[in-house]
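> missing the sequence, but the structure's below:
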């Protein structure tokens, strides 16, 4: 059980870290755009520092293992009736359209 849980926790932390990083980058770029023209050098530095900061924050995140176990369990498929395919109507308009498509 524990050996199955460890990769799930690691993946959840990685996802949280990427989410934090993307949010930080977006907000910082937005703020710098308000104060002046953005540059490639500044954007690169923002991305680098946001990655470091997100990594620090992600270390302290506590993942709820009970929620991971519940989401990892296989879902039982519902026994729903398959939908019946729609039948084409044999109206003169439908035949005319079919004839026009076949003639093309």
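Received, thanks. Only a predicted model underlies this, so the values are computations on that prediction, with no experimental measurement involved.
> what mean pLDDT does stretch 42-54 have?
The pLDDT scores in stretch 42-54 average 93.
> can you tell me what sits against that stretch?
17, 18, 20, 21, 24, 25, 28, 29, 32 (CB atoms under 8 Å, 6 or more residues apart in numbering). Heads up, the C-betas are built off the backbone N, CA and C, glycines and all.
> so which helix or strand takes in the second one?
For residue 18, the enclosing helix or strand under DSSP states H and E is helix 2-35.
> buried set for that helix?
8, 12, 13, 17, 20, 21, 24, 25, 28 (16 or more other CB atoms under 10 Å).
> and residue 11, how far from residue 23?
19 Å (CB to CB, to the nearest Å).
> could you do residue 40 as well?
21 Å.
> if we can go back for a sec, looking at the contacts of stretch 42-54, which is nearest residue 59?
Within these, the smallest distance to residue 59 is 8.9 Å, found for residue 17 (CB to CB).
> what helix or strand is the nearest residue to that closest one once chain neighbours are set aside located in?
Setting aside the residues directly before and after it, residue 17 is nearest to residue 58 in space (CB to CB, 6 or more residues apart in numbering), at 3.7 Å. Assigned by DSSP H and E, residue 58 belongs to helix 40-59.
> between the contacts of stretch 42-54, which is nearest residue 65?
residue 17 (17.7 Å).
> show me the contacts for the closest one.
54, 55, 57, 58.
> for those residues, which two are the farthest from each other?
55 and 57, at 7.4 Å, using CB to CB across the contacts of residue 17.
> how about residue 32, nearest residue that isn't a chain neighbour?
Spatially, and ignoring its direct neighbours in sequence, residue 32 is nearest to residue 38 (5.7 Å; CB to CB, 6+ apart).
> how about that neighbour, phi and psi?
Note on residue 38: backbone dihedrals following degrees, to the nearest 10 are phi -80, psi 150.
> now swap in residue 61 and tell me
phi -70, psi 130.
> give me the distance between the nearest residue in space to it that is not next to it in sequence and residue 31.
In this structure, residue 61 finds its nearest non-sequential neighbour in residue 16, 5.5 Å apart by CB to CB, 6+ apart. Separation of residue 16 from residue 31 (CB to CB) stands at 22 Å.
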